[in-house]
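Visitor: Make a model of this:
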Amino acid sequence: MLLVLGALLASLVVLVLLFDWNWFKGPLESMVKARTGREFHIKGNLDLDLGNVTTVRADGLSFGNAQWAKQPMMATAKHAEIDFELWPLLFKRQTRIPEIRLSAPQLLLEAGPNGVGNWVFGDESKGEPAQIKRLWIDSGRLQFLDEPNKTGMEFAVNSAEPGATDSAPPIDITGEGRWTGNRFVLSGRAESPLELTNHAEPYRIDLRASAGSTDAHARGEVANPFELRDFSLQLALSGQDLEDLYPLIGIVTPSTPPYKLEGRLTRKQNTWHYDDFNGVVGDSDLHGSAAVTVGRERPLLVANLVSKRLDFDDLAGFLGAAPQTGKGEASNPELKAKAAAATADPRVLPDTPYDLTSLRAMDADVRLKATRVNAPKLPIDDMDAHLKLNDGVLKLEPLNFGVAGGDIRSIIRMDARENTIRTRAQISVRQLDLSKLFPDVKLTRDAVGRVGGDININGTGNSIAAMLGSADGDIALGMGRGQISNLLMELAGLDIAEALKFLVTKDRKVPIRCAFGDFAVNNGVMQSRALAFDTADTIILGKGQISLKDETLDLELRPRPKDRSIFALRSPLVLDGTFKDPSFRPDFKRLGLRGAVAIALASIAPPAALLATLELGPGKDSGCGGKYAK
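Guide: Predicted structure coming up:
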């Protein structure tokens, strides 16, 4: 009897060892198709090692794609080994898989109609899902396609050694592709793909991506990587120009110098939050929070930004101008080329047109406060700006600057709904300290007085130069009582004797009664209506025009000294030239005429010739009423 049982067992072992397991390929393929609704084929051999932990080996595996997909196969593998526990499967109907090993697997993930991906298939309610503990991938390829959003990417995937022997090994990823039509490269590490099925725990990633000159480093947790609905990532962004983000994420920003930012990226429904970020843009520090809401007619950007030290030069991109690119300035090759072109350009006003498509592409509500502004050539103290953009209409209300101990407060409105932008600017200037307005000019350091005024203009055009070149409105600036260097006034009156006296002795201050300039602006030309500077010693009266369209100056200033001096030359002063190359000089033709008269008189009576050079002080006080005299 024992011999018979031994023979039967031996025969069973021989049968198992010699049995052609390929016979089960057909039933297995049918079972997978019934469970998933997809075609499944094993083109190579199927083998089995029976035991408490049974190993299935198969070659040439393929798994079908969704019916709407262009590619017939969603997944393939050159070779696969699957370990499963036999007794729980037989007696408890539980599929426990300690490990899956895949050689040269290829997986295609594709976004389909109505936002449903090809990874959604079968009826998950049929039976208990398999419990897979480990997945090992060797020479894998992962491809993701989203044609409606012009996105496609392909990565090499390989398993890395796990931190613990009983945990699923993470995967190393390297690859490239296109995001919304823009090429990028990506590398990094992520948890095992098995963790994607663990809905109780988030999926951890640590990835770096580059698109052109833009670099991103994301690390943290994602609840659903395919839908990006719930996640918390520490995101570092850096690049040569914030403007480059627009084609990548659809957020419009002006051109900037190089930047580096890092903050927390989260998502709540349709709103993406970038909170508590810190960094630099150009030579300015930048901190704050931003949120972008999608799923509406236009994306909405809401941001609250703060800078403790704002380099005023970094705002040049808002005006379509080029920032400084000299030694110590943060810049990039494009900005350097733009700055070089601006230096060679005989004009000063920025003529780079605003992008109408960008102005209409999104809505925005952005607040920027700078507690300190670094502007070496301008006496700017601080800044407070609130920008609103809605359906192509941009408003800056307010746009305030602390300047020279006073304020310049503005309300700017730009309507970009039509092909030509219509702009309205209302600017009030209040209490600017005269001594701080020109800090580098020695003769005005001890000046006393406050400057104020109003600017109200309207213009059309798609650049700053075009807007100002077509402007209509009014510009009026002035100041009330104060004091200024007498040397400066004597030089303005070309009083040589008085100027020399103060140069070799000590300068003194003279009272300012008032100063004002009132201009009517018509089609980009500022025409003077009233122009005067009145002190106790001299009154300067002026007339002329300033062309914002041609960027030219044509002003005549007539100093009228109120004292007597033997060397006073009462010739007009001419301010002409261009904004970039202005000229301030006396009218020597008229000086030459007086000299010719003096020579003619010399032949008759020398004393009369001498009298011709005397300034008898015919200037009278101007009427200094009105708001500038207060």
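Visitor: Show me which positions of stretch 34-47 end up buried.
Guide: Neighbour-count burial for stretch 34-47 flags 36, 38, 40-42, 44, 46 (criterion: 16 or more other CB atoms under 10 Å). (Each C-beta comes from the backbone N, C-alpha and C, glycine too.)
Visitor: What of stretch 271-291?
Guide: Of the residues in stretch 271-291, those buried (16+ other CB under 10 Å) are 272-274, 277, 279-286, 288-291.
Visitor: Mind picking the two most distant members of the residues you listed?
Guide: Farthest apart among these by CB to CB are W272 and D283. That separation is 28.1 Å.
Visitor: now the chain, which segments are flagged as low pLDDT?
Guide: By pLDDT under 70, the low-scoring segments of the chain are 1-19, 122-130, 163-167, 197-200, 224-230, 320-344, 439-447, 484-510, 561-571, 587-630.
Visitor: returning to what we had before: just checking, which of the buried residues of stretch 34-47 belong to strands?
Guide: 40-42, 46 (DSSP state E).
Visitor: show me what contacts the residue most central in space within the chain?
Guide: Among the residues of the chain, L242 comes closest to the average C-alpha position under CA atoms, centre = their mean, at 3.4 Å. Neighbouring residues of L242 by CB atoms under 8 Å, 6 or more residues apart in numbering: 253-256, 259, 281.
Visitor: Now tabulate the residues you listed in JSON lines and tack on secondary structure.
Guide: Shown next, in JSON lines, are these (DSSP: H, G, I helix; E, B strand; the rest coil):
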{"residue": "T253", "secondary structure": "coil"}
{"residue": "P254", "secondary structure": "coil"}
{"residue": "S255", "secondary structure": "coil"}
{"residue": "T256", "secondary structure": "coil"}
{"residue": "Y259", "secondary structure": "strand"}
{"residue": "V281", "secondary structure": "strand"}
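Visitor: Need the buried residues of stretch 34-47 in TSV (columns: distance to I380).
Guide: Below are the buried residues of stretch 34-47 laid out as TSV (distance: CB to CB, whole Å):
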residue	distance to I380
T36	66
R38	66
F40	70
H41	72
I42	74
G44	75
L46	78
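Visitor: quick one: which of those residues is nearest L548?
Guide: R38 (69.5 Å).
Visitor: Just give me the neighbour total for the spatially closest residue to the closest one that is not a sequence neighbour.
Guide: Distances taken as CB to CB, 6 or more residues apart in numbering put G64 closest to R38, at 4.1 Å, once the chain neighbours are dropped. Per other CB atoms under 10 Å, the neighbour tally for G64 reads 21.
Visitor: Kindly report the same for the one 5 residues further on.
Guide: The number of residues packed near A69 is 16, by other CB under 10 Å.
Visitor: correct me, but it touches E110?
Guide: Yes: A69 is in contact with E110 according to CB atoms under 8 Å; the separation is 5.6 Å.
Visitor: Now do the shared contacts for these two.
Guide: N118.
Visitor: in the stretch 351-500 of the chain, which spans are strands?
Guide: 363-370, 373-374, 380-390, 393-403, 406-415, 422-433, 450-460, 472-479, 482-485 (DSSP state E, counting those that start in this stretch).
Visitor: Of these, which stretch is the most buried?
Guide: strand 482-485 (a mean of 21; mean count of other CB atoms under 10 Å).
Visitor: what's the closest of the strands of the stretch 351-500 of the chain to D314?
Guide: With CB to CB as the criterion, D314 lies closest to strand 373-374 of the strands of the stretch 351-500 of the chain, at 9.3 Å.
Visitor: Tell me which strands that closest one pairs with, and in which orientation.
Guide: Sheet pairing here is set by DSSP bridges, and for strand 373-374 it gives strand 310-311 (parallel).
Visitor: C-terminal to the partner strand, what's the next element?
Guide: helix 316-319 (DSSP states H and E).
Visitor: In JSON lines: the ones in strands among the buried residues of stretch 34-47, plus distance to L319.
Guide: Putting those into JSON lines (distance: CB to CB, whole Å) gives the following:
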{"residue": "F40", "distance to L319": "62"}
{"residue": "H41", "distance to L319": "64"}
{"residue": "I42", "distance to L319": "66"}
{"residue": "L46", "distance to L319": "71"}
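Visitor: Out of those, the closest to A303 would be?
Guide: F40 (50.2 Å).
Visitor: Name the residues linked to that closest one by a beta bridge.
Guide: F63.
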